[in-house]
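> Take a look and give me a structure for this.
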Amino acid sequence: MALFTKTALTSVAALTLLGGTAFAGELVINTDTSDPAPKAAFEALIAGFEAENPDVTVTWNLFDHEGYKTSIRNFLTADAPDVANWYAGNRMLPYVNAGLFEPVNDVWEENGLSESLASAEGSMTIDGKIWGVPYTYYQWGVYYRKDIFAEHGIEAPATWDDFLAAGETLKANGVTPITIGTKYLWTAGGVFDYLNLRTNGYDFHMALTKGEVAWTDDRVRATMANWQTLIDGDFFLENHAAYSWQEALAPMVQGDAAMYVMGNFSVEQFKVAGLDVDTQLGFFQFPVIDPSIPVAEEAPTDTLHIPSGAKNKEDAKKFLAYLARADVQSEVNKTLGQLPVNKNSEVADDVFLQAGAEMLSNTTGGIAQFFDRDAPAEMAKAGMEGFQEFMVKPERLDAILERLEKVRARAY
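Numbering: from 1, shown residues only. Have a look, this model is predicted:
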């Protein structure tokens, strides 16, 4: 991608009205990609687009993360840019429902995106319309000590029964099956999501996080029953509520635990903690619990959208089509160190990214966005507090679910 640019870049700390006064041939883009890798990726992305579209000048308004969260509704409502970044799934639902995002089915149809971006189409679709273009995601799954598995003759489990059997073998040899640190709650959200996706499927996950299903529903109880099997079986690290997710790496690095349900960002932290990831770390897909449920995955997805109030929708659609291309997503994600959504893109030469790409590109059951992305903030906080409490005191399940049901009635 070209590295020169005629972009006008504006750094934004606390700004709400930056979209306006667009001129012919000007494309205004607002993003919160202020960290070094995302910033570099977007600089190259915009430069490449401008090189191919010399009649378009991009004005790029760059926000910090927190400033963006507090500003996005204001600028979408009052003075919209032409393109804005956000997230897939239920995180985009409030802006769709408020009429602040433009459907882009025509961009998908004209560029064959239902084929090339197939794995994420479901997470971009609400009420039969597609609301943006996904450009990067990363996988969750089970990271494990493959040397410990090999030592005890354990194969990477594909089914729930195999997973339980692997845990029993590990325990018999003095190894805690699963490390986890729930001090900051979201790790428990990841475990819940996978158990729920495997027990009830993607559509149920989305209905639950949209507030359409009661927390006292028998299907939620079925998810919690599978979780309790692991808790009662002493599968999890003791005192996990005292550990952050990084602190919970140590037992696995030291060989005292063998698995971690986690996102791919953990690989770099395993390296920092002293694990030889080339020889000691492996990855497998969270095992199937119910074979009748289509296999869905957890893959938080970043997206670009056209606000309904955009002044230059023609060039905005060109930009989204450009970003959807396989070659463009290859370059963006090499810089990000993540996975392109376009299945025809090249994936960086990394064994874990390669494994994630293969898994996600073959996912037919849907791509979930993680519990605290798919649920509104109040529900997400209460839910993850309840999950942590359940892991410590599973006998409180009824009270936890009743409390979450009260939050559901209020939060939605």
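
> A165 contacts A158, correct?
No: with contact defined as CB atoms under 8 Å, A165 and A158 do not form a contacting pair (11.7 Å). In short, each C-beta sits where N, CA and C put it, glycine included.

> Report how many residues lie close to the residue nearest to N264 when sequence neighbours are not counted.
Spatial nearest neighbour of N264, chain neighbours left out: Y138 (4.6 Å); criterion: CB to CB, 6 or more residues apart in numbering. By other CB atoms under 10 Å, 21 other residues sit near Y138.

> ditto for F283
A total of 20 residues lie near F283 under the criterion other CB under 10 Å.

> what's the distance between the closest residue to it other than its chain neighbours and T159?
For F283, ignoring the flanking residues on the chain, the nearest one in space by CB to CB, 6+ apart is A355 at 5.0 Å. Counting by CB to CB, to the nearest Å, the gap from A355 to T159 is 19 Å.

> circling back to that earlier point, and the residue nearest to F283, what element?
helix 351-361 (DSSP states H and E).

> roughly how far is that helix from the heart of the chain?
The chain centroid and the centroid of helix 351-361 are separated by 14 Å under CA atoms, centre = their mean, to the nearest Å.

> Which positions within that helix qualify as buried?
Neighbour-count burial for helix 351-361, counted by 16 or more other CB atoms under 10 Å, picks out F352, L353, A355, G356, A357, M359, L360, S361.

> Q369: which of those residues is nearest?
Q369 has its nearest neighbour among these in L360, at 13.0 Å by CB to CB.

> Who are the contact partners of the closest one?
Shown in contact with L360 (CB atoms under 8 Å, 6 or more residues apart in numbering): S119, Y137, Q139, E297, A299, L339, I367.

> which residues in the stretch 1-150 of the chain form strands?
For the stretch 1-150 of the chain, the strands defined by DSSP state E, counting those that start in this stretch cover 8-12, 26-31, 57-63, 83-87, 125-126, 129-130, 133-137, 140-145.

> and of the ones you listed, who's closest to L320?
strand 133-137 (4.5 Å).

> so what does that closest one touch, helix or strand wise?
Judged by 3 or more CB pairs under 8 Å, 6 or more residues apart in numbering; DSSP states H and E, the packing partners of strand 133-137 are strand 301-305, helix 313-324, helix 326-336.

> How about residues contacting that strand?
88, 104, 107, 113, 117, 120, 123-124, 299-304, 320-321, 323-324, 329, 332-333, 336, 338-341, 360, 367.

> Kindly report the same for stretch 211-230.
With contacts defined as CB under 8 Å, 6+ apart, stretch 211-230 is touched by 160, 164, 167, 178, 191-192, 195-196, 198-200, 204, 207-208, 236, 289, 376, 379, 390-391, 394, 397, 401-402, 404-405, 408, 411-412.

> Please apply the same query to stretch 334-345.
With contacts defined as CB under 8 Å, 6+ apart, stretch 334-345 is touched by 37-38, 40-41, 44, 116-120, 134-139, 264, 299, 301, 324-327, 329-330, 332-333, 346-348, 353, 356-357, 360-361.

> Pull up the distance across it, start to finish.
Counting by CA to CA, to the nearest Å, you get 11 Å between the two ends of stretch 334-345.

> Flag every buried residue along that stretch.
Residues of stretch 334-345 classed as buried: K334, T335, L336, G337, Q338, L339, P340, V341, N342, K343, S345 (neighbour count, 16+ other CB under 10 Å).

> How much space separates the residue nearest to F283 from Y138?
With the distance defined as CB to CB, A355 ends up 12 Å from Y138.

> just N196 next, same as before
Taking CB to CB, one finds N196 at 20 Å from Y138.

> again with K271
From K271 across to Y138, the span is 16 Å (CB to CB).

> what stretches of the chain score poorly on pLDDT?
For the chain, the stretches with pLDDT under 70 are 1-24.
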